[in-house]
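Novice: okay, predicted coordinates and the sequence, questions at the end:
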Amino acid sequence: MVNENILAEAIKQKRAFLTETESKQLLKEAGIDVVETHLATSPQEAVSIASKIGFPAVLKIVSTGVIHKSDSGGVKLGLETPEQVAAAYEDIIKAIKKGFPNAEIQGISVQKMARPGVEVIIGMSKDPQFGPVIMFGLGGVWVELLKDVSFRITPLATRDAREMIEEIKGYPLLTGYRGQEPADLKKLEDFILKVSVLAENNPRIKEMDLNPVFAYSDGAVAVDARIILEDGE
């Protein structure tokens with residue numbers, strides 16, 4: 001069981017979803033590698049964090065009133081200097097206050113920009129009849145454009161996870177397409193299985209999206225994550 005306090009507190013506050021930092025904390029506790037993310041509540045703190053974890057940095061809005069961070073002007077990528085980080089912090093706050101005047105802002109998440117990899121998505125949603133359903137497919141912008149995904153009902157075995165990976169049309173991208181290094185399929189299987197266990201053990205979780213997950217030849221890491229909660233107690 002992951003940190004029940006985070007889930008219980010969010011439901012107590014009648015929140016519909018966890019923030020990115022909370023979601024990543026749960027995933028990390030479940031054994032899923034995530035990009036190290038810290039919360040800043042001022043431009044100065046954001047600069048301090050970025051200077052410690054290294055550039056280029058990524059800043060994202062942390063607010064219970066904003067789900068789609070990129071569409072709202074709540075994300076800044078590839079920040080190379082302290083000055084760019086400070087300016088990006090101010091720009092994000094201004095954009096959110098203008099677009100979501102009633103949203104409560106917890107701060108700005110700061111993380112080091114991850115090295116590029118093949119982008120995949122691992123998700124979970126609850127079916128009224130069958131319960132948790134796990135999804136795998138190409139991630140990032142491709143998930144909406146191509147809808148190249150596979151599904152399985154929990155609980156999953158290792159064979160199920162491997163079949164989910166092999167079923168998508170973009171599978172060749174994960175096996176070394178045109179000279180690229182093949183992705184670490186064992187790690188992707190592990191991610192899928194751990195998302196399955198997380199969903200089974202925590203019925204308060206209604207949906208999960210790990211998107212994108214960067215798949216490398218030597219592992220994988222969840223760059224962004226979203227967890228939506230069930231209504232009620």
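Specialist: Nice, I can see it. Numbers count the residues shown, from 1 in each chain.
Novice: pLDDT on the strand ranked longest in the chain, on average?
Specialist: With DSSP state E setting the assignment, residue counts place strand 205-216 as the longest strand in the chain. Throughout strand 205-216, pLDDT has a mean value of 96.
Novice: and if you look at stretch 110-127?
Specialist: 96.
Novice: and the longest strand of the chain, what does it pack against?
Specialist: The helices and strands touching strand 205-216, judged by 3 or more CB pairs under 8 Å, 6 or more residues apart in numbering; DSSP states H and E, are strand 118-127, helix 185-201, strand 219-222, strand 225-229. Using the backbone N, CA and C atoms, a C-beta is placed for each residue, glycine as well.
Novice: adjacent strands (with direction) for that strand?
Specialist: Strands that pair with strand 205-216, judged by DSSP bridges, come out as strand 118-127 (antiparallel), strand 219-222 (antiparallel), strand 225-229 (antiparallel).
Novice: following the first one, which helix or strand shows up next?
Specialist: On the C-terminal side of strand 118-127, the nearest following helix or strand under DSSP states H and E is strand 131-138.
Novice: tell me the buried residues in that next one?
Specialist: 132-138 (16 or more other CB atoms under 10 Å).
Novice: show residues contacting the lowest-mean-pLDDT helix or strand in the chain.
Specialist: Within the chain, confidence by mean pLDDT, DSSP states H and E is lowest for helix 142-146 among all helices and strands, at a mean of 71. Helix 142-146 has contacts (CB atoms under 8 Å, 6 or more residues apart in numbering) with 119, 121, 137-138, 148-149, 169-170, 211.
Novice: stretch 24-44 too?
Specialist: 2-3, 6-7, 18, 20-21, 46, 48-49, 53, 62, 85-86, 89-90, 106-112, 114, 190-191, 194-195, 197-198, 210, 219-223, 225, 227.
Novice: how many neighbours does residue 102 have?
Specialist: Applying other CB atoms under 10 Å, we find 6 residues neighbouring residue 102.
Novice: which secondary structure element is home to it?
Specialist: With DSSP H and E as criterion, residue 102 is part of no helix or strand.
Novice: these two touch, right, it and residue 65?
Specialist: Yes. Contact between residue 102 and residue 65 holds when scored by CB atoms under 8 Å: they sit 6.6 Å apart.
Novice: which regions of this protein lie under the pLDDT threshold?
Specialist: Scanning the chain for pLDDT under 70 picks out 1-4, 141-142, 232-233.
Novice: how is it carved up into domains?
Specialist: 37-112, 118-229 (automatic domain parsing).
Novice: can you put these in TSV and add distance to residue 26?
Specialist: Converted to TSV, the domains of the chain look like this (distance: least, CB to CB, whole Å):
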stretch	distance to residue 26
domain 37-112	12
domain 118-229	7
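Novice: between those, which one is nearest to residue 12?
Specialist: Among the domains of the chain, domain 118-229 comes nearest to residue 12, with 10.9 Å by CB to CB.
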